[in-house]
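> starting from these lines, generate the structure:
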Amino acid sequence: MTSNSPSSSVTSVDATQRKLIVGIVIATLMAFAIVIADLATGGRPDPPTLRAAATLLDGPWRFHTGDDPRWAAANADDTGWETIDLTPVPGSHDGDVGLPD
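Numbering: from 1, shown residues only. Predicted coordinates for the structure are as follows:
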C-alpha cells in the first residue's frame, strides 16, 4: 500500500511556487535593467517636424528681473536691460538629457 502523504504534495507545490517567484523576480530585475540602460543612454533627438515647429531661443535676449505687465508691450523701453546670449557653444552637449546644442 502506498501512501500519499500531505507533506510530499506540499513540498512539490512549494518548489513550484519557489520557481515561479524566482522567475518573476528575475524577469522584474531584467525589466529594471533594460529601463535603466535605456535611461542611461540619454535623450533622443526631437523628430524633424517637432524641431521645425519649435521656437529656438538662440541668440541675444534682453533680460530684467521682476514682473511688470507693462514690459509685455511692444513699445516697452528695454534699453537698460541686461543682454543674455543663449547661443550654444559649437560642440556643446546637454548633460541632463544628452542632446547636442
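
> how does this structure divide into domains?
What automatic domain parsing lists as the domains of the chain is 1-41, 47-101.

> would JSON lines of those domains with mean neighbour count and mean pLDDT be doable?
The C-beta positions use only the backbone N, C-alpha and C, and glycine is treated the same way. Putting the domains of the chain into JSON lines (neighbours: other CB atoms under 10 Å; pLDDT from 0 to 100) gives the following:
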{"stretch": "domain 1-41", "mean neighbour count": "9", "mean pLDDT": "81"}
{"stretch": "domain 47-101", "mean neighbour count": "9", "mean pLDDT": "83"}
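
> chain center to stretch 61-78: distance?
34 Å (CA atoms, centre = their mean, to the nearest Å).

> and stretch 45-61, by the same measure?
Distance, centroid of stretch 45-61 to centroid of chain: 19 Å (CA atoms, centre = their mean).

> which residues touch it?
Contacts to stretch 45-61, defined as CB atoms under 8 Å, 6 or more residues apart in numbering, come from residues 83-88, 99.
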